[in-house]
Structures are given as structure tokens and as C-alpha cells.
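S.K.: predicted model and sequence follow; I will ask about them next.
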Amino acid sequence: MNTGVKITAFAAALAATFGTAYGVGKGVGPFEEPKKAEHSGHAEAAPKGKGGDGHADQAGHGGHAEANAPAAGGLQVSDGGYTLALETPTPALGRSTLKFSIKDTAGRKVTAFTTEHGKELHFIVASRDLTVFRHLHPEKAPDGTWTVDADLPAAGAYKAFADFKPAVKGAKGITLGVDLAVPGAYAPKPMPPVSPTAEVDGYQVRLGGTLDPGKAGELRLTVTKAGRPVTDLEPYLGAYGHLVALREGDLAYLHVHPNEGGPGPDVSFTATAPSSGTYRLFLDFQHEGKVRTAAFTVRAGGGAPTAAPAEAPSHDAGGHSHG
């Protein structure tokens, strides 16, 4: 696809390219209307003495699914009787206000949620090429409408994820996903190469461990600065690190569990890939009062997962954001 191709033309090509990966071709369609979503994974590395709970939902199609692997999340706009209703499916290029709600089977906006990791709902927006990533913290109005500002620096297709747990007896965590599009000339970027380290704002993060399809494995991320271990990471939303994992192609949400640990330099997670394939990992960590994100490209089923250096993510005022 040539740089500068209009987004409507890109939409048709993308749908043709990834029709199989998106399950019945529902992942990306004409950009004027959002289509069915796909699933992703978000977990926190709990401070020592505290547990965490990663979760995932419906399976995706980013690679060959493993019989023993957990289902992936974020692949559906509706699940478990709840629907992610996006009111702003075509936000403007640059800074825009996004509005959405979670609706029940009767079409009513849900207003009661269980607080997990310091928030009632976590909202994530990522570009389809996985080069733009925003982890946002929207505000909820009394009627159940959520609002948040987001900086979307490039035209193209994006996926928004809502990670929440309804405040009803027996409810489980749910991750829903929905497509949105930023109009304009689209210039796709390639997936960053695989490498064991990432750098952001003078910090170096090294990724160790293995990501195996259908088999739980530890992902250990070590944070240093100027060659010295960072041993005073600060809790962010009750955790020393947050990990979001998205599968290339359908942006499926990984099944990720945080491990107990101290304030650095190591932040540890237990992850099980739902299939072989390529994934992008986004680690949030807070130090000296600022949240930063290290991004990695990882291959599951092809040896040890190593990380790709990524550009330093930006941080929006209303919640941290990543690009």
C-alpha cells in the first residue's frame, strides 16, 4: 500500500488481506462504520503480598490455536450479555474526545461496575499496525456514559478495548472490543523487529522468559536506568507494572497473569499464548511520579520472546497514553 492512499481504499485492501484472520472478515470494514471487535489482554504485576487476575474471553485468529491454550479476549463487541457501544466511531486526527457506554441485553447503559486495579473500567486504544497504543482512564457520567480524551496521531484503523467487571453477583471480568477509524491519508508502518530490549525516556527494559502457545510461561521484565537497576518502582493503580498483550492481525487479547513481587528491578507475569504468532507487549511502569511504557515485539512458538525497541510513548493529561 503506498503512503498517502486514502483510508477508504486502505479499508478495502485491509479487509481482503486479513479477512481470514479476523474470523469471518468482521475485523475491519468501511471506516465510516465500526465492525465487530477482537480480543486482547491486560494484567498487572501485583505488589508483594497482593494477587492479581488476568482474564481473557473469546478466541481469536492470529495464528494456529492450541488445544490447551485459554481463549483470547477482545474479539467481540458483545459478550456475556454486555455490549461495548462506541458513540464516536470516527474520531478526528489528533486529540479527540471519545464517548462510549456498556449496555446490557435490554439496551440499557450499565452504571455499576466492580473496581479492579483502582478503576471501574480500563480503556485501551491501539492502531491496527500496533505502532500507536493508548491506555486511557475515562470518566463515567451518572447515566453510564464514559468520556475520555485521546491523542490519535495517525490516520487509519484502530481498535478500542473496554476491560471491566459488572457489579453483579457471580460476574466475571470481560474484555470487549470495537473498531474505530481516524479519517485521512493512511501511511502504514511495519511491525518493529524482534529484540531483547526496549528504551523509553532514558530507561532500559529487558524482556526475558518464553511465550509458548498453550503452555504457561514467565515473562520477566527488568528495568534499569543508566546501567543501574531501578529498585524503587512506584505502585500504579495498585501494581508495579501493567502488561497489555495484543496479537498481530486480529489484535487478540492474551491470557496474562501477574506475579507477586517487589518494586523492581524485575516485574514478572505469567502468560499463555492462545496460538503461535507475533504479539506486541506493552509494559506500563511508574517511576519518579511518571508512567512510562516499554513496547516489545514477541513471537510465540518460535523461540524465546525478545523485545523490540520502541519510540518513547507520550502521556496524555487525562490518563496515560502510548504511541
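M.R.: Sure, I can see it.

S.K.: any idea which residue is closest to the centre of the protein?
M.R.: Val244 (4.6 Å; CA atoms, centre = their mean).

S.K.: assumed that one was part of a strand.
M.R.: Yes. Counting by DSSP: H, G, I helix; E, B strand; the rest coil, Val244 is part of a strand.

S.K.: can you pull the pLDDT of it?
M.R.: On the pLDDT scale, Val244 is placed at 91.

S.K.: Arg134 is in contact with that one, correct?
M.R.: No. Taking contacts as CB atoms under 8 Å, Val244 lies outside contact range of Arg134: 10.4 Å. Every C-beta, even on glycine, is put in place using the N, C-alpha and C of the backbone.

S.K.: give me the common contacts of these two.
M.R.: Counting by CB atoms under 8 Å, 6 or more residues apart in numbering, the common neighbours of Val244 and Arg134 are Ile124.

S.K.: how far away is Glu218 from Thr272?
M.R.: 11 Å (CB to CB, to the nearest Å).

S.K.: where does the prediction get shaky in the stretch 201-323 of the chain?
M.R.: 255, 302-323 (pLDDT under 70).

S.K.: so where do the strands sit in it?
M.R.: Using DSSP state E, counting those that start in this stretch, the strands of the stretch 201-323 of the chain run over 203-209, 217-225, 228-229, 241-247, 255-258, 266-272, 277-287, 290-300.

S.K.: next, the angle from the fourth one to strand 290-300.
M.R.: Computed by axes from the mean of the first three to the mean of the last three CA atoms, to 10 degrees, the angle separating strand 241-247 from strand 290-300 equals 40 degrees.

S.K.: stretch 257-264: how far from the chain's middle?
M.R.: 19 Å (CA atoms, centre = their mean, to the nearest Å).

S.K.: er, stretch 286-304 actually
M.R.: 12 Å.

S.K.: put the alpha carbons of that stretch into PDB.
M.R.: Written as PDB, here are the backbone C-alpha positions of stretch 286-304 (Å, rounded to 0.1, in the frame of the first residue of the first chain):
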ATOM      1  CA  GLN A 286       5.800   4.200  37.100                       C
ATOM      2  CA  HIS A 287       9.000   5.900  38.500                       C
ATOM      3  CA  GLU A 288       9.600   9.300  39.900                       C
ATOM      4  CA  GLY A 289       5.900  10.100  39.500                       C
ATOM      5  CA  LYS A 290       5.600   9.400  35.800                       C
ATOM      6  CA  VAL A 291       4.100   6.500  33.900                       C
ATOM      7  CA  ARG A 292       6.200   5.200  31.000                       C
ATOM      8  CA  THR A 293       5.600   2.400  28.500                       C
ATOM      9  CA  ALA A 294       8.100  -0.100  27.000                       C
ATOM     10  CA  ALA A 295       6.900  -1.900  23.900                       C
ATOM     11  CA  PHE A 296       8.100  -5.200  22.600                       C
ATOM     12  CA  THR A 297       7.600  -7.500  19.600                       C
ATOM     13  CA  VAL A 298       7.400 -11.100  20.600                       C
ATOM     14  CA  ARG A 299       7.000 -14.300  18.700                       C
ATOM     15  CA  ALA A 300       5.200 -17.200  20.300                       C
ATOM     16  CA  GLY A 301       6.100 -20.700  19.200                       C
ATOM     17  CA  GLY A 302       9.300 -19.500  17.600                       C
ATOM     18  CA  GLY A 303      11.800 -19.500  20.500                       C
ATOM     19  CA  ALA A 304      12.300 -17.100  23.400                       C
END
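
S.K.: mind listing what's buried in that stretch?
M.R.: 286-287, 291-301 (16 or more other CB atoms under 10 Å).
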